[in-house]
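*Asks:* sharing a model prediction with you, sequence too.
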Amino acid sequence: MNQNSKVRKQTIKDFNNQWKLQGELNKDYWASDEILIDQFNNIFDLNQISNKIVGDVGAGTGRVVRTLLKFNPKKVFAIEPSDVGIKKIKNDFIEKNNLKIIQSDGLNFQTDDLCDFIFSLGVIHHIKDPTDVLINIRKNLKKNGQLIIWVYGYENNLPYIIFYKIISKFTKYLPDRSLYILANILNLFLQIYIFFCKFINLPLKDYLLNVYNKFGWTKQTDVIFDQLNPQYAKYYKKEEILKELKDAGFKDLKISHRHNYSWTVVGKN
Ligand SMILES: C[S@@+](CC[C@H](N)C(=O)[O-])C[C@H]1O[C@@H](n2cnc3c(N)ncnc32)[C@H](O)[C@@H]1O
């Protein structure tokens, strides 16, 4: 197995374990339709998926799928590699006959029908050198079908990225329960930082005040855990993520800087 495959496999394993501890689809902001609509940032309108064939690559425990199903798609393919993610999706959506669940990673999945739209939110930044995965996504899209992705951004986040690079060297290997204790402690410090964000233009201010602050304490610690647990995460510069999509053959790219800290990109096959 080459180095990339090892890293990808370990990242999937990390999420499998993470989903044992979190990912419940409650009626909170994290699992809301509102947060996803916010993620699309005016460059994609979910009403477009009505009566269309849609895929979700890296579906996790089904939070995106739940919103997609509300917009009357003809069919949804939920594609997720982790056992626990798949189990949770099967449990929660058992009665939906327009949902097809596929256990696969992004490189090897194949949908029965070509899709009009494929979503992959918060996934591509966890796949090392994802060109081959993006090419496979394109193979599963109709001509002119669209890919909608959301990835972590590099711009405006340098202080955080330096902190992340140092601390994650050690947190990746911490047992999950210990990482949760650390996430609680970090969240305490973050509350002080958020307080100052109200008065000073600090890095990540927009995200912290408008997104993170809407999560309750438990979900906030889940989000910190989610940052520090996976084996691999990349913070993309605008030009880097556009190049990834272009290299995989996507065209007519639209990009938006969500809350000045992350990138939402739409590309056509
Ligand atoms: C941060 S979660 C995002 C889940 C979901 N998209 C959401 O927004 O709630 C990342 C997901 O990507 C999946 N993943 C990781 N590596 C993957 C790969 N190589 N191919 C497909 N999915 C992958 C993980 O198992 C995990 O469920």
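*Replies:* Alright, I've got the coordinates.

*Asks:* so for the longest strand along the chain, mean pLDDT?
*Replies:* What stands out as the longest strand in the chain, according to DSSP state E, is strand 141-152. The average pLDDT within strand 141-152 is 98.

*Asks:* next SSE downstream of that strand?
*Replies:* Beyond strand 141-152 on the C-terminal side, the first helix or strand identified by DSSP states H and E is helix 158-171.

*Asks:* around the ligand, pick out the residues from the stretch 101-250 of the chain.
*Replies:* Applying C-beta under 6 Å from any ligand atom, one finds that the stretch 101-250 of the chain approaches the ligand through 105-106, 121-123, 126-127. For every residue, glycine as well, the C-beta is placed using N, CA and C.

*Asks:* picking up where we left off before, C-alpha coordinates for the longest strand of the chain, CSV please?
*Replies:* C-alpha atoms of strand 141-152 as CSV (Å, rounded to 0.1, in the frame of the first residue of the first chain):
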residue,chain,number,x,y,z
LEU,A,141,-21.9,12.9,-13.2
LYS,A,142,-23.9,13.4,-16.3
LYS,A,143,-22.5,15.8,-18.9
ASN,A,144,-22.9,19.3,-17.5
GLY,A,145,-23.7,17.7,-14.1
GLN,A,146,-22.4,19.7,-11.2
LEU,A,147,-20.1,19.0,-8.2
ILE,A,148,-20.5,21.1,-5.1
ILE,A,149,-17.7,21.0,-2.5
TRP,A,150,-16.8,22.8,0.7
VAL,A,151,-13.3,22.8,2.0
TYR,A,152,-11.3,24.4,4.8
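
*Asks:* how far out from the middle of the chain is it?
*Replies:* Distance, stretch centre to chain centre, for strand 141-152: 14 Å (C-alpha atoms, centre = their mean, to the nearest Å).

*Asks:* can you give me the angle that strand makes with helix 158-171?
*Replies:* Here strand 141-152 points in a direction 90 degrees away from that of helix 158-171 (axes from the mean of the first three to the mean of the last three C-alpha atoms, to 10 degrees).
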